[in-house]
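Student: Predicted model follows, preceded by the sequence.
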Amino acid sequence: WSKKINAKERVKARNSAIAALHQAELVSRRGHRFEAGRTLPIVVENGLEEIDVNDLEHATKRGVEILRALGVYADVERAIRGTHIRAGRGKMRGRRYRTPRSILLVAAKLDGIERCFRNLAGVEVVSPALLDAEILAPGGDPGRLAIFTERALEALRGWRP
């Protein structure tokens, strides 16, 4: 659910969460695993958006290869190991398992790229228009491990400060 919030506060929260994406100390303190010395957020070329999954028999396997090449697959493994049965009544209400949030992948075109990553534990694929403070800083903790495509960064440049 969402609560009404002043527009300027919402924009400030979103911008603060975006600013925290490039601070490696905040990202690692949040529990994310990635190669040391990696510049954050990770920016990849637009070719990632052009993946044609209709030609791929194993789309998720291709997604795993991409994350391994970027040096961030350890974070997905952390989310897999961290998946556990929830405490309390939520188990009976359809929320049996709790999976930690892992990589946030922001792309302007979601057609093929979403199918490659949607089955990986904790990985979210969103377009720049859907970014908000809750996606960028789940639970109010800033510093999520993020991967942006160049086209998605261009879309962010049009936002007001």
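Tutor: Alright, I've got the coordinates.
Student: alpha carbons only for contacts and neighbour counts from here, please
Tutor: Will do.
Student: Other residues contacting the longest helix seen in the chain?
Tutor: Here the longest helix in the chain is taken by residue count, with DSSP state H as the criterion, and it is helix 7-20. Contact with helix 7-20 is made by 26, 27, 131, 132, 133, 136, 137, 142, 143, 144, 161, as judged by CA atoms under 8 Å, 6 or more residues apart in numbering.
Student: The closest residue to residue 136 other than its chain neighbours and residue 109, how far apart?
Tutor: Setting aside the residues directly before and after it, residue 136 is nearest to residue 17 in space (CA to CA, 6 or more residues apart in numbering), at 5.8 Å. Going from residue 17 to residue 109 by CA to CA, to the nearest Å gives 22 Å.
Student: Who has more neighbours out of these two?
Tutor: Between residue 17 and residue 109, counted using other CA atoms under 10 Å, residue 17 has the larger neighbour count: 23 against 18.
Student: State whether residue 61 is indeed within a strand.
Tutor: No. Assigned with DSSP: H, G, I helix; E, B strand; the rest coil, residue 61 falls outside any strand and is helix.
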